[in-house]
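>>> sequence first, predicted coordinates after that:
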Amino acid sequence: MKTLKKNLKSNLDTIDELLKTPRGEFSKSTFHKLRVEIKKLNAIFNLINFCTKDFKRKETFRPFKEVFKQAGKVRELQLEEDILDQYFSTNSLFDYRKRINNDLSKEKNSFFELLGKELDRKIAHKMDVLIPFVDQVGKKKAEAFIEKKKNVIESLISKNSLNTEELHKLRKLLKTLMYSLASISLENEENIDSEELELTDLLGDWHDFDIAINKFDKALISNEIEPNEAKEIEEVKIKISLERDLLLKKIEQSIPLSKFYHKTGFGNS
């Protein structure tokens, strides 16, 4: 498929360009964009793996997975900083902010240690390795892959209720479907309805709050925080928990609007 090959090359070029960003220019946005591009690549690899034989998906994706995982550790700490900036003045929670900043420096150092000539070598010839497999991906097989993904989403979204783990799974499934459609069609906007895009955005915002709350919980349990700062963190945790719950209600209201939802699903007995 010409479109798949074109999008795969563009995807790999973008990842390569982002990885070569000078350390001093590696911003929050750069980390976020890098993770998004690797998610797109993973969706393409899953598509190729479904449509072809002998494709070593795990082995081929391994260097990207390592970068993605470490960038995720950085991203979570950056998200925690953003939430603190949103709810507190920059002069508050001095010790806690210092702790986050130290952890962030360590995770960034670990991230940049992954980069370099060895990673460049691993990534450099990926396109050459992938082309024979991409050439095996036909329209019918690709459509079968998309249909399978849609069926999984339909089965999940139409349950009577979704727990936290299932909401995380739904978020990932919708993103994977969106990236998969984008990889084989230039007109992917026609395949993803506005309701699905809105639901995906709501799930993403809910996910960010959930991550922050989990990190605050771990910090409070550690007993390494000053009592006065622990009290402030507990207060902001309550605030963002309320916002997370409001997002959950919006998600519950959005699910029945999805084309994947059926009458036996969310909120019905």
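Perfect, thanks for sending it.
>>> mind listing what's buried in the longest helix seen in the chain?
When the chain is parsed with DSSP state H, its longest helix is helix 57-87. Within helix 57-87, the residues scored as buried using 16 or more other C-beta atoms under 10 Å are 60-61, 63-64, 67-68, 70-80, 83-84, 87. Bear in mind the C-beta positions are built from the backbone N, C-alpha and C, glycine included.
>>> how about stretch 168-185?
For stretch 168-185, a neighbour-count test (16+ other C-beta under 10 Å) marks 170-171, 173-185 as buried.
>>> what does stretch 101-118 give?
Leu104, Glu107, Lys108, Phe111, Leu115.
>>> output that stretch as CSV, nothing but the C-alphas.
Extracted in CSV, the C-alpha atoms of stretch 101-118 (Å, rounded to 0.1, in the frame of the first residue of the first chain):
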residue,chain,number,x,y,z
ASN,A,101,12.8,18.4,40.0
ASN,A,102,15.5,16.0,41.2
ASP,A,103,13.5,13.0,39.9
LEU,A,104,12.9,14.8,36.6
SER,A,105,16.7,15.4,36.2
LYS,A,106,17.4,11.7,36.8
GLU,A,107,14.8,10.5,34.4
LYS,A,108,15.9,13.0,31.7
ASN,A,109,19.5,11.8,32.2
SER,A,110,18.4,8.2,31.7
PHE,A,111,16.4,9.2,28.6
PHE,A,112,19.4,11.0,27.0
GLU,A,113,21.7,8.1,27.8
LEU,A,114,19.5,6.0,25.5
LEU,A,115,20.1,8.3,22.6
GLY,A,116,23.3,8.3,20.5
LYS,A,117,25.0,6.4,17.7
GLU,A,118,23.9,3.0,18.9
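>>> and that stretch, what's its mean pLDDT?
Averaged over stretch 101-118, pLDDT sits at 92.
>>> again, but for stretch 78-98
For stretch 78-98, the mean pLDDT works out to 87.
>>> for it, measure first residue to last.
13 Å (C-alpha to C-alpha, to the nearest Å).
>>> all numbers from here: first residue = 45
Done: numbering now begins at 45, and the last item shifts to stretch 122-142.
>>> any weak-confidence spans in the stretch 195-313 of the chain?
Counting by pLDDT under 70, the stretch 195-313 of the chain has low-confidence residues at 230-236, 307-313.
>>> quick one: the helices in it?
208-228, 238-265, 271-298 (DSSP state H, counting those that start in this stretch).
>>> one more: the stretch 45-194 of the chain?
Counting by DSSP H, counting those that start in this stretch, one finds helices in the stretch 45-194 of the chain at the ranges 46-63, 72-95, 101-131, 138-158, 161-168, 170-178, 183-201.
>>> pLDDT score assigned to Arg79?
The confidence metric pLDDT takes the value 96 at Arg79.
>>> that one: what's it in contact with?
Neighbour list for Arg79: Phe112, Ala115, Gly116, Arg119 [criterion: C-beta atoms under 8 Å, 6 or more residues apart in numbering].
>>> thinking again about what came up before, tell me how far the longest helix of the chain lies from the chain's centre.
9 Å (C-alpha atoms, centre = their mean, to the nearest Å).
>>> that one relative to helix 72-95, how many degrees between them?
150 degrees (axes from the mean of the first three to the mean of the last three C-alpha atoms, to 10 degrees).
>>> contacts for stretch 272-291, please.
With contacts defined as C-beta under 8 Å, 6+ apart, stretch 272-291 is touched by 127-128, 131-132, 136-140, 246, 249-250, 253-254, 256-257, 260-261, 263-264, 269.
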